[in-house]
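Asker: Next come a sequence and a model predicted from it.
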Amino acid sequence: MISVKVPASSANLGAGFDCMGVALKLYNIIEVEEIEKGLVITSNPDDPSIAKDENNLVFKAMKTVFDEVGWYPKGLRINLINEIPLTRGLGSSAACISGGIYAANLLCGGKLSEEEMIFLAARMEGHPDNSTPAMIGGLVFAVLEENRVNYIKFVVPNRLKFAVFIPDFQLSTEYARNILPKYIDFKDAVFNVGRAALFASAITTGNYELLPAATQDRLHQPYRKNLIPDFDRIVNLSLEFGAKGAFLSGAGPSIIALIDENYDIFENNVKSALKSLDLKAKWDLMILEADNSGATVFSVQSSSSFKR
Ligand SMILES: Nc1ncnc2c1ncn2[C@@H]1O[C@H](COP(=O)(O)OP(=O)(O)O)[C@@H](O)[C@H]1O
Ligand SMILES: N[C@@H](CCOP(=O)(O)O)C(=O)O
């Protein structure tokens, strides 16, 4: 049996729509093994949106590898152990795709290179900002070209932490992409180009004081925040308690605030504020570090011994 651990990811990071993302220390485990025939899929926890047939996203990702290399298992058993919350803007679909591709490549003898796996994953997801960090870890700047992904990975220091606000409602990425405008004002494009460049420089040089300005966005958040009750209140309370920028994680609905000091004070203050404010949804807070490894082989005696 092959067991793969694959991280959650947060895309966009403010101004970097479809081209910036970071892997986070929150994981799914994908266990796969060749069986005599058929397809058996189990999931823990389970969810009605997790297909148990050929429509399962992990299986579909594995099949792109089998099609690419021209090798097929006789049958396949897939067991999914899911820690990444579904449809919350934390890259659960990218984890399925990158993890499925990584596992399938191991199953067929490692015929694909890392570059090829990164490309297959980004092509399947449609954008490389979640799938690339899910595959290789770190904070990634990535552009999907016709037959490759051009990217740079930055290893994130533990000093920078990600305060992840996760609400008790879902927002599908497909829906949140469909509500975006077809055309944008030239001024808004200029606004984001400058900030994305500033973000890349600030994050890689450790100049975190620039991050509140560098994480501003006019390409997607102004439209999507209407789908997320209390978005502005959560962003503002994070900034008041010292966050170096706060923004929508991926297509939402989760929100991420960047923190580089006084982590416990931030967590306690925010948790009390979340309790006392009259918010429309229930929001959980997790303080996570970046994952700098991406998809890896995960050795386990049994799946119940899984620990982060
Ligand atoms: N562990 C999983 N196994 C199979 N399918 C999954 C799993 N996790 C997520 N998915 C699929 O991905 C969909 C969520 O994708 P998406 O809307 O892009 O949200 P996210 O922001 O979490 O990536 C789910 O509805 C489900 O179809
Ligand atoms: N750039 C994409 C990222 C979607 O991420 P997800 O975690 O919400 O699937 C977008 O903003 O649509």
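Answerer: Done, it's in. Numbers count the residues shown, from 1 in each chain. Ligands and ions are numbered 1, 2, ... in the order given.

Asker: Could you list the domains of this structure?
Answerer: The chain is divided into the following domains under automatic domain parsing: 2-154+291-305, 161-289.

Asker: farthest residue from the center of this protein?
Answerer: Using C-alpha atoms, centre = their mean, the residue of the chain lying farthest from its centre is Glu36. It sits 34.0 Å away.

Asker: wait, that one sits on Pro73?
Answerer: No - checked against C-beta atoms under 8 Å, the pair Glu36 and Pro73 is beyond contact range at 9.9 Å. Any C-beta I mention is one placed from the backbone N, CA and C, and that applies to glycine too.

Asker: Those residues of the stretch 51-200 of the chain touching ligand 2, which are they?
Answerer: Within the stretch 51-200 of the chain, the residues that sit near ligand 2 (C-beta under 6 Å from any ligand atom) are 89-91, 93, 127, 129-130, 173, 177.

Asker: Which residue comes closest to whatever residue of the chain ends up closest to ligand 2 once chain neighbours are left out?
Answerer: For the chain and ligand 2, the shortest gap (C-beta to the nearest ligand atom) falls at Gly250, measuring 2.6 Å. Sequence neighbours aside, Gly89 is the residue nearest to Gly250 in space, at 3.7 Å (criterion: C-beta to C-beta, 6 or more residues apart in numbering).

Asker: where does the one you found fall, helix, sheet strand or coil?
Answerer: When classified by DSSP: H, G, I helix; E, B strand; the rest coil, Gly89 comes out as coil.

Asker: How much space separates the residue farthest from the centre of the chain from ligand 1?
Answerer: Distance, Glu36 to ligand 1, using C-beta to the nearest ligand atom, to the nearest Å: 24 Å.

Asker: contacting residues around that residue?
Answerer: By C-beta atoms under 8 Å, 6 or more residues apart in numbering, the contact list for Glu36 reads 74-75.

Asker: right, and the residue nearest to Gly250 touches Phe231 too?
Answerer: No - using C-beta under 8 Å, Gly89 is not in contact with Phe231, being 11.8 Å away.

Asker: Need the overlap of contacts for the two.
Answerer: Both Gly89 and Phe231 are in contact with 248, 252, where contact means C-beta under 8 Å, 6+ apart.

Asker: Who has more neighbours out of those two?
Answerer: For Gly89 versus Phe231, neighbours defined as other C-beta atoms under 10 Å are more numerous around Gly89 (30 against 21).

Asker: partners of the host helix or strand of Val140, with directions?
Answerer: Here Val140 sits within strand 139-144, counting by DSSP states H and E. Take DSSP bridges as the rule and strand 139-144 pairs in its sheet with strand 20-35 (antiparallel), strand 149-154 (antiparallel).
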